[in-house]
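**Student:** Could you look at this predicted model? Sequence included:
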Amino acid sequence: MNKDLEHKFISEFQQHQNIIHKVCRIYTNNQEAHRDLFQEIAIQLWKAYPKFRGDSKLSTWMYRIGLNTAITLYRKSKRTIKTQDFDSVLHKIQSTDYDATEEEQLKLMYKAIYQLSDIDKALIFLYLEDKNYKEIAVTIGISEVNARVKMNRIKTRLRTILNP
Amino acid sequence: MDELELLKKDWKKQNASYPQLTYNEIYTLIHKKSSSIVKWIFIICIAEFVFWTLINLLIPDSFLVIYEKFHLKTILNISYIIQYIVIITFIYLFYKNYNSISVIDNTSLLMKKIIKTRKTVNYYVYLNIILNVILSFIINFVMFTNEDILNEVFNSSRATIDSDKFFNIMLIAQIIGLFVLVGFLLLYYRVIYGILLRKLTKNYKELEELE
């Protein structure tokens, strides 16, 4: 493939790589798996890039491919060994307003999300990314009404997981 | 839900904590091999096409000699033509469906297309099994209605055999063969589907139930 295109892709990817990190954050619970999924999404994005025409925003396009890869295309590779849990590695945010109870709550929240189905994870992800129901519906391929219904169900489910 | 709002706040802060890959790291990453299920489905489907085509077209010469004695050549030639038409049609359909798979589609549509592609090959296999069973029925019928030739071909030493017994043995052997084949196929599909498509089918069903 063309070198210029490759250069353009890598530069753009570099700028927007947090989108992919965030997809991996929702779908995996350890660094090894995170890296593995990140790699597969990067490959899929690069394969699809020549067809990217810029009629949608690059970030929107990346959300779609990222989620599609995580939900549909990705197969856990055998070398995914359970290493350290993410809670103990990536989650230590060095914020000034550190709050132990809040920290604990967040930990439980991420754990609860990890227990959700792949589709539910996608909805939560898009919700956290401040996408409206219309965008969520279009990305997943369901109606807007159903996206709302589903989101309410997920909230209830999270509540049940957190307060059994 | 308070926790969700808390999470949303935290989610935005997390942006700063992700490891940032360099240009060269990304370069290496995108040149690695994909392990996506679409790639695996493609490989497995091609292998199945090759397998079934070879099985149908590579009949040993000794069989052909036997068939010729029973004047089955025309039937065999017709079945060849049918098989070629079937192969070409299915390869075309498979290629068309496979080509339509696009990672930019919405999730539901993407899953639908992958399942459709996979199903094309399943239909090819089913049709092959059906055609083979029909063909073996015809061959059996012709063979057993021509007892003289049957004796000449399978019993050239002219040993005295009870023809009923012989018929029963042939029939039982073929039924066992059919069961073994079907069992093997079921096991194969369980394993392949189990490994490749369980996650996809589960997710697809979840979306379908919602709609």
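**Tutor:** Yes, it's here. It should be emphasised that the depicted structure is a prediction, and the values quoted were computed from it without experimental measurement.

**Student:** In chain B, where is pLDDT below threshold?
**Tutor:** For chain B, the stretches with pLDDT under 70 are B:1, B:155-161.

**Student:** Okay, helices next: where are they in it?
**Tutor:** B:2-14, B:23-30, B:37-57, B:61-69, B:73-100, B:107-145, B:147-154, B:163-192, B:198-210 (DSSP state H).

**Student:** ok, so what distance separates residue B:26 from chain A?
**Tutor:** 5 Å (CB to the nearest CB, to the nearest Å). Backbone N, C-alpha and C define where each C-beta goes, glycine included.

**Student:** correct me, but that residue touches residue A:12?
**Tutor:** No - at 10.1 Å, residue B:26 does not count as touching residue A:12 under the criterion of CB atoms under 8 Å.

**Student:** check contacts around the nearest residue to residue B:106 once chain neighbours are set aside.
**Tutor:** Nearest residue to residue B:106 in three dimensions, chain neighbours excluded: residue A:141, at 3.3 Å (CB to CB, 6 or more residues apart in numbering or on different chains). Shown in contact with residue A:141 (CB atoms under 8 Å, 6 or more residues apart in numbering or on different chains): B:105-110, B:207.

**Student:** Setting aside sequence neighbours, what's the nearest residue to residue A:106?
**Tutor:** Residue A:106 sits nearest to residue B:10 (CB to CB, 6+ apart), 5.4 Å away.

**Student:** Quick check: of the contacts of residue A:141, which has the highest neighbour count?
**Tutor:** Counting neighbours by other CB atoms under 10 Å in any protein chain shown, the top entry in those is residue B:110, with 26 neighbours.

**Student:** Contact partners for it?
**Tutor:** Counting by CB under 8 Å, 6+ apart, residue B:110 has contacts A:68, A:72, A:141, B:101-103.

**Student:** Tell me which two of those sit farthest apart.
**Tutor:** For the contacts of residue B:110, the farthest-apart pair by CB to CB is A:141 and B:101; their separation is 14.2 Å.

**Student:** Outline the domain layout of chain A.
**Tutor:** A:1-92, A:95-164 (automatic domain parsing).

**Student:** hmm, back to that, got JSON lines for the contacts of residue B:110, with distance to residue A:37 too?
**Tutor:** As requested, the contacts of residue B:110 are exported to JSON lines (distance: CB to CB, whole Å):
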{"residue": "A:68", "distance to residue A:37": "12"}
{"residue": "A:72", "distance to residue A:37": "12"}
{"residue": "A:141", "distance to residue A:37": "21"}
{"residue": "B:101", "distance to residue A:37": "20"}
{"residue": "B:102", "distance to residue A:37": "20"}
{"residue": "B:103", "distance to residue A:37": "14"}
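
**Student:** Can you go through the residues you listed and name the buried ones?
**Tutor:** A:68, A:72, A:141, B:101, B:103 (16 or more other CB atoms under 10 Å in any protein chain shown).

**Student:** Tell me where the model's unsure across chain A.
**Tutor:** In chain A (pLDDT under 70), the answer is A:1, A:77-99.

**Student:** ok, the residue nearest to residue B:132 when sequence neighbours are not counted - contacts?
**Tutor:** The shortest distance from residue B:132 to any non-neighbouring residue, by CB to CB, 6+ apart, is to residue B:56 (7.6 Å). By CB under 8 Å, 6+ apart, residue B:56 lies in contact with B:83, B:128, B:132.

**Student:** tell me which of these is nearest to residue B:2?
**Tutor:** Proximity of those to residue B:2, judged by CB to CB, is greatest for residue B:128, which lies at 59.2 Å.

**Student:** Tell me how far the nearest residue to residue B:42 once chain neighbours are set aside lies from residue B:131.
**Tutor:** Excluding the flanking residues, the one nearest residue B:42 by CB to CB, 6+ apart is residue B:98, at 6.4 Å. Applying CB to CB, to the nearest Å, the value for residue B:98 to residue B:131 is 24 Å.

**Student:** the more surrounded of the two?
**Tutor:** Each of residue B:98 and residue B:131 has its neighbours counted (other CB under 10 Å); residue B:98 has more, 20 against 15.

**Student:** Was I right to think the more buried one contacts residue B:46?
**Tutor:** No - counting by CB under 8 Å, residue B:98 sits too far from residue B:46 to count as a contact (9.9 Å).

**Student:** What residues of stretch B:198-211 count as buried?
**Tutor:** Under 16+ other CB under 10 Å, the buried positions of stretch B:198-211 are B:199-200, B:203-204, B:207, B:210.

**Student:** does chain A sit close to that stretch?
**Tutor:** Yes - for stretch B:198-211, a contact with chain A is found by CB under 8 Å from any CB of the partner chain, at B:199-200, B:202-203, B:206-207, B:210-211.

**Student:** where exactly do the helices run in chain A?
**Tutor:** Using DSSP H, helices in chain A cover A:3-27, A:31-48, A:58-68, A:86-89, A:100-114, A:118-128, A:133-140, A:144-162.

**Student:** OK, contacts around residue A:102?
**Tutor:** Per CB under 8 Å, 6+ apart, neighbours of residue A:102: residue B:6.

**Student:** what's the spacing between it and residue B:15?
**Tutor:** 18 Å.

**Student:** again with residue A:21
**Tutor:** 8 Å.
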